[in-house]
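Asker: compute the structure for the input listed below.
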Amino acid sequence: VVLNTCAIRENANDKVYGYLGRCKHLKKIKKDLIICISGCLMQEPHEIEEIKNRHQYIDIIVGTHNLSDLPQMIIEANEKNMQKIEVFSNSDIVFENVKYNRDSKISAWINIIYGCDKFCTYCIVPYTRGKQRSRKSSDIMHEVEDLIKKGYKEITLLGQNVNAYGKDLYDDYNLANLLEDVAKLGIPRVRFTTSHPWDFTDSMIEVIAKYPNIMPHVHLPVQSGSSKVLKLMGRRYTRESYLELFNKIKKIVPGVSISTDIIVGFPGEDEDDFKETLSLVEYCKYDNAFTFVFSVRSGTPAEKLKDNTPLKEKEDRLQRLNEVVNKYFLENNKKLEGTTLDVLVEGVSSKKNMYYGYSETNKLINFSSREELEIGSIVPVKITSAKTWSLDGELNG
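Answerer: Numbering: from 1, shown residues only. As a prediction, this is how the structure comes out:
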C-alpha cells in the first residue's frame, strides 16, 4: 500500500492519518503487507518524527526528491523486514525517462519543471518540492512525440510554477518557446498549468493567441484582491498589475476563459481587504475559481503572522465569495447556450446515449448522441442548457 501525500492544506494532512489507521488494521490481517508513505508531507521533519514514533508499522518513508529509490526500498523492506527511511532535504535531481502508467489513453500530464523559487509566505511547496528545476526541452519534446504516436489528443504541461520554465536552464528559451515548439508537433490540444502572474510574459500571450491547438484557457491565481494582502503573501504583484495582465490576456486571446485561486482569511486581511477581493471578482467574472479559507502550514513565514480573525468570520467570507463566483460561473455558461463547441470525448455517461468531455475553454459538457462515438474523438456539440459547473448539449451533425 502506497500513500502519496500532499502538504498544501491541513485537511490533506488529516486524511493521511485517517488512512494510516486503516492500513494498520490491514497489516494485522496480512502480516507480509508493505506500507509505504511518500510525497510532500514526508519532506517535513516533524511529520517524519511523528511516523517514526507513533506509526512504527509503516515499512517505507520516501521523500519527493528520491522517489526513484522506491523499487529498491520495497525489495529491501521485503527481505529485511525493517523500516526504511530515505528523505533528501534538498536535491538537484530532475527525473527523466520515467515509464508512466497513465490513467487516460487520450489526455496526459507532462511535468516540465519541478519545485518553485517564489516562496509565497503561505506556501509549503518550495520546502517540500525543492528549488526550481526545468527538464530539457528535447526530453519534453520526445515525450510529446511518443504520446502523439500512441494516439493521445491532449497534453497539459505541468509545474508548480509552469511559467518559470527554462529560467534555471537556458538563457534564451522559455515557456513561450516550448509552447510554440509543442504546438508545431500537431497534437490537437495543448494546455499548461499552474501559472504565476509574475512570470506571465507578453510572448506567452502572443503564442497562445497564435496557435489554435493551444487551448484558450488560462489558470491565473490571484489569491487576493488587496495589494496589502498580496504583499503579506509575498506574491510580487499588485492588484493593479494583476488586472493589467488579466485585461491583456482577455484582449489578445480570442474567446479565452480564465480561472483562478483565491484564499480568504489570510493573516492581516480585514473586511475592507476582503471587499477588494469581491470587487476584483466582480470585475474579472472568472469562468472558474478554487476558493479556500487560509490554512496555516508549519514552517512557512505566514505561521508567524498575527491572525486576529475568528474562523467563523473567515468561513462567512468564503460563503460570500462563493456566492459571487458561482454567479459568474453560471452567467458565463449561459452565454454559451445555442452555440456549438468542439468537445474532446472523454467517456460515456451512466445515462443511455450520453457522453461527456471538455471544450477548448475547459468547460465540462454532458451531451447526447444518437450515434456511437469514439472515445478521444473531437466532435461539435450544440449547447442546449447551462448549469453552474457544467453544460448540457447534443451532438451537432
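
Asker: which of the residues in the worst-scoring helix or strand of the chain on mean pLDDT are buried?
Answerer: Lowest by mean pLDDT, DSSP states H and E among the helices and strands of the chain is strand 84-86, with a mean of 72. Applying a neighbour-count criterion of 16 or more other C-beta atoms under 10 Å, one finds 84, 86 buried in strand 84-86. C-beta: built from backbone N, CA, C; applies to glycine.

Asker: also stretch 97-108?
Answerer: Applying 16+ other C-beta under 10 Å to stretch 97-108 flags 106-108 as buried.

Asker: quote the end-to-end distance of that stretch.
Answerer: 15 Å (C-alpha to C-alpha, to the nearest Å).

Asker: scan the chain for its longest helix.
Answerer: helix 311-334 (DSSP state H).

Asker: which residues touch it?
Answerer: By C-beta atoms under 8 Å, 6 or more residues apart in numbering, the list of residues contacting helix 311-334 from outside reads 257, 262, 264-265, 274, 277-278, 281-282, 285-289, 291-294, 363, 386-391.

Asker: out of these, list just those in helices.
Answerer: 274, 277-278, 281-282.

Asker: the buried residues of stretch 97-108 in helices, which ones?
Answerer: Short answer: the buried residues of stretch 97-108 have none in helices (DSSP H).

Asker: okay if I get those as JSON lines plus distance to Q319 and pLDDT?
Answerer: Output for these, formatted as JSON lines (distance: C-beta to C-beta, whole Å; pLDDT from 0 to 100):
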{"residue": "I106", "distance to Q319": "37", "pLDDT": "97"}
{"residue": "S107", "distance to Q319": "33", "pLDDT": "97"}
{"residue": "A108", "distance to Q319": "37", "pLDDT": "97"}
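
Asker: contact partners of stretch 174-188?
Answerer: 112, 137, 140-141, 144-145, 147-148, 152-155, 157, 162-167, 190, 192, 199, 201, 203-204, 206-208, 210-211, 213-214, 344, 378.

Asker: which of those count as buried?
Answerer: The buried subset of those (16+ other C-beta under 10 Å) comprises 112, 137, 140, 144, 147, 152-155, 157, 162-167, 190, 192, 199, 204, 207-208, 214, 344, 378.

Asker: in helices only, show me these.
Answerer: 137, 140, 144, 147, 204, 207-208.

Asker: leaving out the residues flanking it, which one is nearest to S137?
Answerer: Spatial nearest neighbour of S137, chain neighbours left out: L178 (5.8 Å); criterion: C-beta to C-beta, 6 or more residues apart in numbering.

Asker: can you flag the buried ones in the ones in helices among the contacts of helix 311-334?
Answerer: Neighbour-count burial (16+ other C-beta under 10 Å) applied to the ones in helices among the contacts of helix 311-334 gives 274, 277-278, 281.

Asker: can you put those residues in TSV and add distance to I48 and pLDDT?
Answerer: Output for these, formatted as TSV (distance: C-beta to C-beta, whole Å; pLDDT from 0 to 100):
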residue	distance to I48	pLDDT
F274	37	98
T277	36	98
L278	41	98
V281	40	98
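
Asker: may I have the phi/psi pair for V253?
Answerer: Main-chain torsions, V253, degrees, to the nearest 10: phi -100, psi 110.

Asker: need the contact list for it.
Answerer: V253 touches 205, 208-209, 216, 218, counting by C-beta under 8 Å, 6+ apart.

Asker: what's the closest of the ones in helices among the contacts of helix 311-334 to L230?
Answerer: T277 (10.2 Å; C-beta to C-beta).

Asker: any idea how far that closest one is from F329?
Answerer: In this view, T277 and F329 are 17 Å apart by C-beta to C-beta, to the nearest Å.

Asker: quick one: low-confidence parts of this structure?
Answerer: For the chain, the stretches with pLDDT under 70 are 81-83, 88-92.

Asker: run the last query once more with 90
Answerer: For the chain, applying pLDDT under 90 flags the ranges 6-25, 27-28, 30-33, 39-103, 125-131, 295, 297-299, 308, 349-353, 397.

Asker: what helix or strand does L243 sit in?
Answerer: Using DSSP states H and E, L243 falls within helix 239-252.

Asker: need the contact list for the residue lying closest to G39 once chain neighbours are set aside.
Answerer: The shortest distance from G39 to any residue other than its chain neighbours is 3.7 Å, reached at T5 (C-beta to C-beta, 6+ apart). T5 makes contacts with 12-13, 16, 37-42, as judged by C-beta under 8 Å, 6+ apart.

Asker: got the residues you listed as TSV, with distance to S68 columns?
Answerer: Below are the contacts of T5 laid out as TSV (distance: C-beta to C-beta, whole Å):
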residue	distance to S68
A12	24
N13	25
V16	22
I37	17
S38	11
G39	14
C40	16
L41	19
M42	15
